[in-house]
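Enquirer: Let's see this in three dimensions:
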Amino acid sequence: MAFDSLRGRVVLHGGYAAGGARAGDTWEFDGQSWALVQAPGPGARMFAAMAFDARRGVTVLFGGTPDGMIDSDETWEYDGDGWRRRPGPGPLGRIQHSMHFDIARGEVVVVGGYSQAARYLGDTWAWDGSRWRELVGQPLPPRVAHSVAYDPGRGEAVVFGGLGDGPVFLGDTRRRLDDCFITRQPADQMAMPDAPVTFVVEVDAAAACTTPVTYQWQRRDPSVLDPASSDAWIDLSDGAGVFGSRGPNLTLLAPTLAFATGFRCRVGGGCGCESGPGTFTFSETVTYSLNCPADFNADGGIDFSDVEAFFERWENGC
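Expert: I've put the predicted structure just below:
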């Protein structure tokens, strides 16, 4: 199943039906009732996975087993009107894998699963609507029947559990499956007016690194309510009191209260991933606060009203 957030419907296809038969029908649930979709589709199969691509407005289905003998490597897309099979090479056919939509990448991602040809899998693949490509960063221990969820605040997927080769039940938690591993996150800062503030991020690139590590510091746009929106973050550039916007250390030379809306670093490359849009991860979101003894009325600025506040305190003996 997958949730079509644009149309507000849950989409279900196939599965294991009563009596051992494989189902090949498609249904939609609008919160009140189920409706059968009268359109041909991927056909009968079980153990396939689905995810909704919010960037392109389609539900993507990959893999499954149509007859119990073959692990399908087919990619199908459903737009609410009908199914369409997408051609081209991609991941090895598999079952009991996971799929999710990566908001930061704008791609559907397949993780792990089981193949009759290779048994337990730990690979990760991304589908951008035109082609599949393997993400070859930090390896994931092979597993099937695991759970995955995408965390838009951190810009990363989290995988938990599953069944590993052996077989053995797994209880590990995995993050940043294909990106650089951030070994030191930036931290919130306390600053004095007109005193520099510096945020630091440190990255441990994968041993098989084929692309340099890149950095891009961003500032939260307070006018955009949804922090997960691509428009909610503004890329910083050096100048006007900003230094190191494309390095591991971001320095704000003269921080003001109005500018402290939240900061994070987008880290890319350095992990053997294909260089290009989407191959990155995000640091923690941090900010700073100002500690100014001269700000007597605590409004974040220094002006004549602070003089009045000072004399008011002086007259009151405090």
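Enquirer: so Asp151 touches Val159, yeah?
Expert: No: in this structure, Asp151 is not within contact of Val159 by Cβ atoms under 8 Å, at 11.3 Å. The C-beta positions use only the backbone N, C-alpha and C, and glycine is treated the same way.
Enquirer: These two - which one has more neighbours?
Expert: Set side by side, Asp151 and Val159 show more neighbours around Val159, with 23 against 13, by other Cβ atoms under 10 Å.
Enquirer: partner residues bridging the more buried one?
Expert: Val148, Arg174 (DSSP bridges).
Enquirer: quick one, what contacts it?
Expert: By Cβ atoms under 8 Å, 6 or more residues apart in numbering, the contact set of Val159 is Ser98, Val111, Gly112, Leu140, His146, Ser147, Val148, Thr173, Arg174, Arg175, Leu177.
Enquirer: count of neighbours near Thr183?
Expert: Around Thr183 there are 9 residues (other Cβ under 10 Å).
Enquirer: I misspoke; the intended subject was Arg133.
Expert: Burial of Arg133 is recorded as 16 neighbouring residues (other Cβ under 10 Å).
Enquirer: what's the spacing between it and Asp123?
Expert: 11 Å (Cβ to Cβ, to the nearest Å).
Enquirer: Please apply the same query to Arg55.
Expert: Per Cβ to Cβ, Arg55 is found 23 Å from Asp123.
Enquirer: Look at these two and report which has more neighbours.
Expert: More neighbours surround Asp123 than the other of Arg55 and Asp123, with 22 against 16 (other Cβ under 10 Å).
Enquirer: Tell me if I'm right that the more buried one and Pro91 touch.
Expert: Yes: the pair Asp123 / Pro91 is scored as a contact, 6.9 Å apart, by Cβ under 8 Å.
Enquirer: Now the common contact residues for the two.
Expert: By the contact definition Cβ under 8 Å, 6+ apart, Asp123 and Pro91 are jointly contacted by Glu134.
Enquirer: Tell me who's in contact with the residue lying closest to Gly90 once chain neighbours are set aside.
Expert: Of all residues beyond its chain neighbours, the one nearest Gly90 is Trp132 (3.4 Å), with distances taken as Cβ to Cβ, 6 or more residues apart in numbering. Going by Cβ under 8 Å, 6+ apart, Trp132 touches Thr75, Gly88, Pro89, Gly90, Pro91, Trp125, Ala126.
Enquirer: Pull the number of nearby residues for the first one.
Expert: Think Thr75. By the measure other Cβ under 10 Å, the count of residues near Thr75 is 21.
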